[in-house]
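*Asks:* my questions concern the predicted model and sequence given below.
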Amino acid sequence: NAGVIQTPRHKVTGKGQEATLWCEPISGHSAVFWYRQTIVQGLEFLTYFRNQAPIDDSGMPKERFSAQMPNQSHSTLKIQSTQPQDSAVYLCASSGNTGQLYFGEGSKLTVL
Amino acid sequence: GDSVTQTEGPVTVSESESLIINCTYSATSIAYPNLFWYVRYPGEGLQLLLKVITAGQKGSSRGFEATYNKETTSFHLQKASVQESDSAVYYCALGDLPSGSWQLIFGSGTQLTVMP
């Protein structure tokens, strides 16, 4: 079985540009999570969906960040007007009925 | 608030030595916390190592063990004899599965290097 697939693996943007990160969850998994990892903050929860519906976005910055799950096979995390402090590894995870999270390898975003 | 604190790395041990990575948690808003250890091997994604849902129980996997101690709010990861292949980053995490929330709160991670 393929695991969680995240694309791109690396993205470099200029300050003020938009960045979109993609996640393909494991087939059959009903929940998709987004986390952000930085050296300073560690692994921070951003948001999650269950059965494509947004359940908890308490970790999402209120401005510039948005996440969607238009169908059960992919989710996107969009960052508008990227800033250097947005540089991080963005991790996507999916989960089935057990609640166990299966993570992708992450998308490393670098904002110059 | 809810949080997880674990041994700050990096930690370096020699092969066949014993290992303990400390993890303590604070779960002020979670009635029945669940505890997890995740591991990230070089070049791979974060993956579940072991989990314990109920206080007082022990989880084990790949020679690692962790006991959920509600009295000391701890979930230390131990291994009697480490191998070079155990070199990885280990994350302790706190969850609240019974409430239906699958969000996890992670510790900062502990980089482990096992020397041959």
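*Replies:* Yep, that arrived.
*Asks:* quick check: residues of chain A near chain B?
*Replies:* With C-beta under 8 Å from any C-beta of the partner chain as the criterion, chain A comes near chain B at residues A:3-4, A:31, A:33, A:35, A:42-43, A:45, A:48, A:50, A:55-56, A:91, A:93, A:95, A:99-106. Bear in mind the C-beta positions are built from the backbone N, C-alpha and C, glycine included.
*Asks:* residues contacting residue B:19?
*Replies:* B:11, B:13, B:77-79, B:82, B:86, B:112 (C-beta atoms under 8 Å, 6 or more residues apart in numbering or on different chains).
*Asks:* residue B:24 too?
*Replies:* Contact analysis of residue B:24 by C-beta under 8 Å, 6+ apart lists B:4-6, B:72-75.
*Asks:* pull out the buried residues from the helix or strand that contains it.
*Replies:* Assigned by DSSP states H and E, residue B:24 belongs to strand B:23-26. Neighbour-count burial for strand B:23-26 flags B:23-25 (criterion: 16 or more other C-beta atoms under 10 Å in any protein chain shown).
*Asks:* dump those to CSV, plus pLDDT.
*Replies:* Converted to CSV, these look like this (pLDDT from 0 to 100):
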residue, pLDDT
B:23, 97
B:24, 97
B:25, 96
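*Asks:* got a pLDDT number for the most centrally placed residue in chain A?
*Replies:* Against the mean C-alpha coordinate of chain A, by C-alpha atoms, centre = their mean, the closest residue is residue A:34 at 3.7 Å. In this model, residue A:34 is scored at 97, pLDDT.
*Asks:* do the same with residue A:58
*Replies:* For residue A:58, the pLDDT comes out at 89.
*Asks:* now do residue A:99
*Replies:* At residue A:99, pLDDT is 75.
*Asks:* related to what we said a few turns ago, which of the contacts of residue B:24 fall within helices?
*Replies:* Counting by DSSP state H, no part of the contacts of residue B:24 is found in helices.
*Asks:* among the residues you listed, name the buried ones.
*Replies:* With burial judged by 16+ other C-beta under 10 Å, the buried subset of these is B:4, B:6, B:73-75.
*Asks:* and the spatially closest residue to residue A:105 that is not a sequence neighbour, what element?
*Replies:* The shortest distance from residue A:105 to any non-neighbouring residue, by C-beta to C-beta, 6 or more residues apart in numbering or on different chains, is to residue B:45 (4.5 Å). For residue B:45, there is no host helix or strand (DSSP H and E).
*Asks:* correct me, but residue A:71 touches residue A:52?
*Replies:* Yes - the pair residue A:71 / residue A:52 is scored as a contact, 6.9 Å apart, by C-beta atoms under 8 Å.
*Asks:* the more surrounded of these two?
*Replies:* More crowded of residue A:71 and residue A:52, by other C-beta atoms under 10 Å in any protein chain shown: residue A:52, with 15 against 8.
*Asks:* the nearest residue to the more buried one once chain neighbours are set aside is in what secondary structure piece?
*Replies:* Distance criterion C-beta to C-beta, 6+ apart; nearest residue to residue A:52, sequence neighbours excluded, is residue A:69 at 4.7 Å. Using DSSP H and E, the element containing residue A:69 is strand A:65-71.
*Asks:* next one: residue A:81
*Replies:* Using DSSP H and E, no helix or strand contains residue A:81.
*Asks:* count of neighbours near it?
*Replies:* Neighbours of residue A:81 under the rule other C-beta under 10 Å: 12.
*Asks:* following the strand holding residue A:69, which helix or strand shows up next?
*Replies:* Per DSSP H and E, the first helix or strand lying C-terminal to strand A:65-71 is strand A:74-79.
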